[in-house]
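Participant: sequence unknown, structure follows:
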C-alpha cells in the first residue's frame, strides 16, 4: 500500500507541474493578447480620427460643390465672391470695433 500511495503522490505531483506549466503559458498568452488589444484600440482610435477628418473634408467639398452648382459660376468666381464677403465682414468688424 505504501508503494501505491507513493505512485499516486508522484502522479499527482507530475500532473500539478504539468497544470502549473500550462497555467503559466496561458498567463503569458493572456498578457500578450491584452497588449495586442491595447495596440488595436490605439489603432482604431487613430483610424477613427482620420475617418472623422476625411468625413469633414468630404462634407466641406460637397458643400462647396453645391454652392458652385447653385449659381452656375466657376470655382474662381465662387472663390472671388467668398473673398469679397470676407473683406466686407472684416470691414464690418473694424467699424464695430471703433
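Facilitator: Done, it's in. Bear in mind that the values here come from a model prediction, so they are computed numbers and not experimental data.

Participant: Quick check: next helix or strand after the top helix by length along the chain?
Facilitator: Counting by DSSP state H, the longest helix found in the chain is helix 2-71. As assigned by DSSP states H and E, the chain's next helix or strand after helix 2-71 is helix 75-97.

Participant: what packs against that following helix?
Facilitator: On a contact count with 3 or more C-beta pairs under 8 Å, 6 or more residues apart in numbering; DSSP states H and E, helix 75-97 meets helix 2-71. Using the backbone N, CA and C atoms, a C-beta is placed for each residue, glycine as well.

Participant: Output the contacting helices and strands for the helix it packs on.
Facilitator: In terms of contacts (3+ C-beta pairs under 8 Å, 6+ apart), helix 2-71 is packed against helix 75-97.

Participant: what pLDDT, on average, does the helix it packs on get?
Facilitator: Here helix 75-97 scores 85 as its mean pLDDT.

Participant: Let the chain start at 556 from now.
Facilitator: Yep, numbering from 556; the last one is helix 630-652 now.

Participant: residue nearest the centroid of this structure?
Facilitator: Nearest to the mean C-alpha position of the chain, by C-alpha atoms, centre = their mean, lies residue 600 at 1.5 Å.

Participant: gap between it and residue 594?
Facilitator: Going from residue 600 to residue 594 by C-beta to C-beta, to the nearest Å gives 11 Å.

Participant: What part of the protein, helix or strand, is modelled with the least confidence?
Facilitator: Using mean pLDDT, DSSP states H and E, helix 630-652 stands out as the lowest-scoring helix or strand of the chain, at a mean of 85.

Participant: remind me which residues of the protein are low pLDDT?
Facilitator: 556-558, 624-628 (pLDDT under 70).

Participant: circling back to that earlier point, orientation of the longest helix of the chain relative to helix 630-652 in degrees?
Facilitator: 90 degrees (axes from the mean of the first three to the mean of the last three C-alpha atoms, to 10 degrees).

Participant: what's the distance between residue 595 and residue 583?
Facilitator: For residue 595, the distance to residue 583 equals 19 Å [C-beta to C-beta].
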